[in-house]
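Colleague: Give me a 3D structure for the following:
(one chain, ligands or ions: 1)
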Amino acid sequence: MKKKFETNAIRSQVPRSQHREHSVPIFATSSFVFDDAEQGRMLFADEIEGNIYSRFSNPNNDEFISKLCLLENTEDGIATASGMAAMFISMAAFLSAGDHIVASRSVFGSTHQVITRLFPRWNISHTYVDLDKPETWEAAIRPETKMLFLETPSNPGLAIADLGFAGELAAKHGILLNVDNCFATPYLQNPAAYGAHLVTHSATKFIDGQGRVIGGAVLGSKELIKEVRFLARHSGPAMSPFNGWILSKSLETLAVRMDRHCATALELASRLQEHEQVVWVRYPFLESHPGYHLARTQMRHGGGLFTFELTGGQARAKRFLDALQMLSLTANLGDTRTIVTHPATTTHSKLTDAERTAVGITPGLIRVSAGLEHPSDILADIEQAIEKSAEG
Ligand SMILES: *Cc1c(COP(=O)(O)O)cnc(C)c1O
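Modeller: This is a model prediction of the structure:
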């Protein structure tokens, strides 16, 4: 019988060694020994499968990836040193000079830099489309278009892309659909079920969930991952075995952590929506969100992030951040600790004013990544900071 998400996340492990360990050891080794010269030849000739060198594969990274494949329902995958390494190789493996990519405007800041400032150097062009206007996507597809790249929910706009529509469009035009599933994690949403050919992750965020390591993953069919693996093997964005071990352990608790992240985010967003000094709140599972119905159909819960704006715009937002006593001011998200960010002056400061406006990042927008502290303590800190920042 097919096991459930939580069980797969815990029980999918590399086989026990002769030591009968219950928890998987860390394979801190750069290379692997051949039994004899012929085995070395066969491994390099791809006649047999096995470890050669940790830039190519390692048991800890393999465990992490095979588990993630099980959870995302994909055939194969590859672990990378960071989420950006995953984004980059998942695109670079399939794009050549003269090719074109259609991407949602509201992608992660560094993904935007890769598409806007790096790819043109290799004569790879792009067209940005609005994530929440799928009716405009088809017009952006040209004969030389190879890929449609989306991120849903988006960062920090929390716009929701219609994955079913994207899957059908990609199939109709014979292009690859690549979905950055970082915000949702495999627990909330499985893009492959809607026809995504490539599912990409920053494992740094909710997958680790404890703010310890940087990592990423590219998932897809055996055929596509073969291309990605070739690029990775020879260009070297390999994950460290230690990080693979951490991340495989982290997947064991992903479901319980996400349930709590999402419940807390919904509770905080609902409470703030009632606050008289809050201009607006955005959270995919609040009925006030324009993508509410779509989010309800393709996501299990609304996610761990919400955004809001206080009266008084950017100046007030900065006073609010400075008045917080417990919550962390940092650029990360998806941690046990609740994190508050001001995207316009930090994570998205490299965008022009026009680029920020186009993806809904107002000067006063505040992003909250709900942590696992008690919700009443998080709310108390937010409320006292709202009060204190009003005085300035
Ligand atoms: C953080 C993030 C990335 C990049 O991941 P790193 O691990 O920081 O390299 C990509 N996409 C999204 C949506 C992210 O939040």
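Colleague: from the middle of its chain, how far away would whichever strand or helix holds residue 67 be?
Modeller: Under the criterion of DSSP states H and E, residue 67 resides in helix 59-72. How far helix 59-72 lies from its chain's middle: 16 Å, per CA atoms, centre = their mean, to the nearest Å.
Colleague: Just the angle for the helix or strand just after it relative to helix 59-72, thanks.
Modeller: Tracing the chain past helix 59-72, the next element assigned as helix or strand by DSSP H and E is strand 76-80. Angle, strand 76-80 to helix 59-72, by axes from the mean of the first three to the mean of the last three CA atoms, to 10 degrees: 130 degrees.
Colleague: Pick out the residue of the chain closest to the ligand.
Modeller: Closest to the ligand within the chain is residue 83: 2.2 Å, counting by CB to the nearest ligand atom. For every residue, glycine as well, the C-beta is placed using N, CA and C.
Colleague: For that residue, give me the backbone phi and psi.
Modeller: Here the main-chain torsion angles of residue 83 (degrees, to the nearest 10) amount to phi -60, psi -40.
Colleague: Now do the strands in the stretch 251-392 of the chain.
Modeller: Along the stretch 251-392 of the chain, counting by DSSP state E, counting those that start in this stretch, strands occupy 278-282, 305-310, 328-329, 339-341, 366-369.
Colleague: Need the contact partners of the longest one.
Modeller: Applying CB atoms under 8 Å, 6 or more residues apart in numbering, the external contacts of strand 305-310 come out as 153, 155-158, 183, 265, 268-269, 272, 277-283, 316-317, 320, 333, 362, 364-370, 386, 389.
Colleague: got a list of what residue 301 touches?
Modeller: Going by CB under 8 Å, 6+ apart, the list of residues near residue 301 reads 188, 258-259, 262-263, 266, 285.
Colleague: Can you convert those into TSV and add a column each for pLDDT, neighbour count and distance to the ligand?
Modeller: Putting the contacts of residue 301 into TSV (pLDDT from 0 to 100; neighbours: other CB atoms under 10 Å; distance: CB to the nearest ligand atom, whole Å) gives the following:
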residue	pLDDT	neighbour count	distance to the ligand
188	98	24	13
258	98	22	15
259	98	13	20
262	98	23	16
263	98	15	21
266	98	21	20
285	98	18	19
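Colleague: Show me this structure divided up by domain.
Modeller: Segmentation of the chain into domains, based on automatic domain parsing, reads 5-251, 256-390.
Colleague: Over to the longest one now: how far is its first residue from its last?
Modeller: Domain 5-251 has an end-to-end distance of 10 Å (criterion: CA to CA, to the nearest Å).
Colleague: Low-confidence stretches in the protein?
Modeller: 1, 392 (pLDDT under 70).
Colleague: Could you rerun that using 80?
Modeller: 1, 391-392 (pLDDT under 80).
Colleague: what does it put close to the ligand?
Modeller: The interface of the chain toward the ligand, taken as CB under 6 Å from any ligand atom, is made up of 82-84, 87, 108, 111, 151, 155, 180, 182-183, 202, 204-205, 214, 216.
Colleague: can you rerun that using 5 Å?
Modeller: Within reach of the ligand by CB under 5 Å from any ligand atom, the chain has these residues: 82-84, 108, 155, 180, 182, 202, 204, 214.
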